[in-house]
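# Predicted model and sequence follow; I will ask about them next.
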Amino acid sequence: MNKNISIPKEVINIINKFQKNGTEIYIVGGASRDLIMDRKVNDWDFTTNITPEEVKKIFPNTFYNNNFGTTSIVNKDKEIFEVTTFRTERGYSDSRHPDEIKWGKTLEEDLQRRDFTINAIAIKINSNNQDVEIIDLFGGQKDIEQKKIRTVGNPDERFSEDALRLMRAVRIATQIGFNLEKETLESIKRNSSLINKVAGERIRDELFKILLAEKPSRGIELLRDSELLKEIIPELLLGIDFAQKGHHIDDVWTHNLKTLDNCLSSNPITRLACLLHDVAKPIVAMGSGEARTFHNHEIVGSRIATRFGKRLRLSNKELDLLFILVRRHMFTSEEGQTDKAVRRFIKNVTPEYIDEMLSLRRADRVGSGARETSWRLELFKNRVVEVQKQPFSIKDLKVDGKDVMEILDIKPSRKVGEVLENIFKEVEDNPELNQREILLEKIKGFK
């Protein structure tokens, strides 16, 4: 652990301003944990003994728009520092939000309502800015040393209060390389069904952070071990011990995880597609051993992925990308493909998503035990680039509807589109015809 905690100047300035007003102020949550672990702090959280209205008197340029006593201080660089009043909570009838919130009087009251011991450590900076005091009432530093995620107090109570903590435990463990403490893990198993009370977008946010971790497969394994995966997307579990054939050296489950780990894209949708790309293989499988087939697994898999994506409340654009990546991941890259076949691939995937699709293909290859590329795939990638320089749609023609109307002396009508479509079909087969003089002559042929 880091014994020489370094606090950025802008944080010191905020603390000083509180202290000059005779106010208690502490760094808490993930920020204090990351400082102790000498990790970069991305989100600064503080707790104080004064109300949001009083915080606003100290920092007029703040906003406060929630029921949980949190005030957001925004500095000149648009960084947000969240300050929450000491509070106590009672009643969690929806297993997500407290029914009653009251301002607390002491730091201890505030810390004991928090989720995990490593997040229940407070750091106090004394007025000389040199004296750093760590306030650890629940053994968080010891758990950091032992790399454990453990709840503050009774784990069943903590998870019944807020079911999202089930996912948070796995996510934090994945991000910082910790393990779930035994009693905490057993409690997650007992309470795993509570995750169904959590809004899909909140599950999505935690899952995306797992997928973007340095080794995301570990998070997926933890979701499996904690029995959360069977609540979230049980279809993935069908791949466990489900043997494949040919070049595949692993079962479907292991292959999906290896593909995820080898994805170089930082797009969480692409990483999700890597995890789900073969999810339907156990469902569509026919035969056994080397005779086993998985016909249409990409079609069935894209439906499963889309259904899951809707539960996560993905945007239409995100759903579109997820569907295309799973549906089209079986594309061929044979040497003898025509330009027309390559154009068909580009149209199916759409130019916008080609890089993500190629990222999935690379991850799929490495996840199968193959080299990350081949001469055929490199040739195909070059073909994709070159083909996109050719006329790709009617709008790429060197003539347009105005030319058609002038030459044929007609008004806007269906015939204008029909002429352009017929000309494009010729150009698609023979790109060298896409010259203005040649196409103007072709238009005259429709008189």
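Received it, and whenever you're ready, just let me know what you need.

# Show me where this structure dips below the pLDDT cut-off.
Scanning the chain for pLDDT under 70 picks out 1-3, 65-69, 89-100, 127-130, 246-248, 290-291, 335, 375, 391.

# Which stretches in it count as strands?
Using DSSP state E, the strands found in the chain span residues 25-28, 44-48, 62-63, 70-74, 80-85, 87-90, 100-103, 121-125, 132-136, 148-149, 179-180.

# most tightly surrounded among these?
Using mean count of other Cβ atoms under 10 Å, the stretch among the strands of the chain with the largest mean neighbour count is strand 25-28, at a mean of 25. No exception for glycine: its C-beta is placed from N, CA and C like everyone else's.

# what helices or strands is that strand leaning on?
helix 9-20, strand 44-48, helix 107-111, strand 121-125 (3 or more Cβ pairs under 8 Å, 6 or more residues apart in numbering; DSSP states H and E).

# at 6 Å instead, please
Helices and strands touching strand 25-28, as assessed by 3 or more Cβ pairs under 6 Å, 6 or more residues apart in numbering; DSSP states H and E, comprise strand 44-48, strand 121-125.

# so who does residue 249 touch?
Contacts were defined as Cβ atoms under 6 Å, 6 or more residues apart in numbering; by that measure residue 249 touches residue 369.

# Look up how far residue 80 lies from it.
47 Å (Cβ to Cβ, to the nearest Å).

# Next: residue 74.
Residue 74 is 6 Å from residue 80, by Cβ to Cβ.

# Using JSON lines, please lay out the strands of the chain together with distance to residue 173.
Shown next, in JSON lines, are those (distance: least, Cβ to Cβ, whole Å):
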{"stretch": "strand 25-28", "distance to residue 173": "20"}
{"stretch": "strand 44-48", "distance to residue 173": "20"}
{"stretch": "strand 62-63", "distance to residue 173": "33"}
{"stretch": "strand 70-74", "distance to residue 173": "25"}
{"stretch": "strand 80-85", "distance to residue 173": "23"}
{"stretch": "strand 87-90", "distance to residue 173": "24"}
{"stretch": "strand 100-103", "distance to residue 173": "28"}
{"stretch": "strand 121-125", "distance to residue 173": "17"}
{"stretch": "strand 132-136", "distance to residue 173": "20"}
{"stretch": "strand 148-149", "distance to residue 173": "5"}
{"stretch": "strand 179-180", "distance to residue 173": "6"}
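
# who wins for proximity to residue 235 among those?
Residue 235 sits nearest to strand 179-180 of all these, at 23.8 Å, using Cβ to Cβ.

# Give the partner strands of that closest one in its sheet and their orientations.
strand 148-149 (parallel) (DSSP bridges).

# what's around residue 151, how many residues?
23 (other Cβ atoms under 10 Å).

# Report the buried residues of stretch 23-37.
Using 16 or more other Cβ atoms under 10 Å as the test for burial, stretch 23-37 gives 24-36.
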